[in-house]
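Novice: mind folding the following:
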Amino acid sequence: MTKIRFAAVVLFLLVFAAGCRSGAKPVNNPGAGQTGQSQSALKEQRPITAPDTFLTLYKQWDGSLASLAGEIDDSYNKWSSNQISRQEFLAQLYATQQKLEILKMDADYQNFELSANDQQTINSQAINRAYFTAEKDVNDFLYYAPHLQDEKIKARYNDLILNQYTSNNKELQALLGKQ
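Specialist: Residues are numbered from 1 along each chain as shown. As a prediction, this is how the structure comes out:
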């Protein structure tokens with residue numbers, strides 16, 4: 001059992017190190033807003049002032065986040081039914097985490113300058129809060145899972161993905177659906 005854990009840690013570190021070295025390469029993820037642009041390019045773009053564009057971007061980000069949560073769900077179900085090993089599960093989670101980092105950069109560096117009336121009309125603060133809360137649920141699971149024992153992974157999955165993410169995503173979709 002100790003050899004397996006050691007091998008898992010070594011595999012995780014190798015995958016992590018490989019990911020760190022490839023960080024300078026731009027990555028494109030079509031359909032996710034401005035994904036793949038550098039931070040400086042994102043900071044230099046014009047602010048978004050149209051409520052429709054705000055809603056469209058949040059709907060795209062929500063779709064991308066839901067896709068990542070689906071990847072986590074698929075990986076977890078395969079692992080919990082012994083179709084893949086723990087190492088394969090963690091490697092899949094790492095790949096999902098890399099995609100989430102790209103999505104987070106896209107959302108974090110987007111500049112919105114909506115009028116006070118537009119903000120109130122579309123309830124932009126509630127949409128923003130719901131999205132980033134759902135994103136945090138996914139991020140937290142991806143962060144904690146590699147450091148936990150199997151039973152604790154299952155508990156975190158149930159808490160963060162099945163309960164919290166699902167609830168927060170329903171709230172976000174309700175807010176976006178009103179528009």
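Novice: give the buried residues for the strand or helix carrying L68.
Specialist: Assigned by DSSP states H and E, L68 belongs to helix 51-80. Of all the residues in helix 51-80, those buried under the rule 16 or more other Cβ atoms under 10 Å are 51, 54-55, 57-62, 64-66, 68-69, 71-72, 75-76, 79. No exception for glycine: its C-beta is placed from N, CA and C like everyone else's.
Novice: what helices or strands is that helix leaning on?
Specialist: Other helices and strands packing on helix 51-80, by 3 or more Cβ pairs under 8 Å, 6 or more residues apart in numbering; DSSP states H and E, are helix 86-108, helix 116-122, helix 124-144, helix 166-177.
Novice: for D150, find the nearest of these.
Specialist: Nearest of the helices and strands packed on helix 51-80 to D150, taken as Cβ to Cβ: helix 86-108 at 7.1 Å.
Novice: what's the angle between that closest one and helix 51-80?
Specialist: 170 degrees (axes from the mean of the first three to the mean of the last three Cα atoms, to 10 degrees).
Novice: what helices or strands is helix 86-108 leaning on?
Specialist: helix 2-21, helix 39-44, helix 51-80, helix 124-144.
Novice: list the buried residues in it.
Specialist: 86-87, 89-94, 96-97, 99-100, 102-107.
Novice: with stretch 109-128 instead?
Specialist: Applying 16+ other Cβ under 10 Å to stretch 109-128 flags Y109, Q110, F112, L114, D118, Q119, I122, S124, I127, N128 as buried.
Novice: that stretch: end-to-end distance?
Specialist: Distance across stretch 109-128, first residue to last, is 13 Å (Cα to Cα, to the nearest Å).
Novice: now stretch 161-168
Specialist: 10 Å.
Novice: for the protein, which spans come out with low pLDDT?
Specialist: Under the criterion pLDDT under 70, the flagged ranges of the chain are 1-44, 178-179.
Novice: how about I127: what's its closest non-neighbour residue?
Specialist: Using Cβ to Cβ, 6 or more residues apart in numbering and skipping residues adjacent in sequence, the residue nearest I127 is L175, 4.9 Å away.
Novice: actually, D118.
Specialist: P51 is the one closest to D118 (Cβ to Cβ, 6+ apart), at 4.5 Å.
Novice: kindly report the same for E135.
Specialist: L65 (5.9 Å).
Novice: wait, the one you found sits on D137?
Specialist: No. In this structure L65 lies outside contact range of D137 using Cβ atoms under 8 Å: 9.4 Å.
Novice: please consider this matter closed, and thank you.
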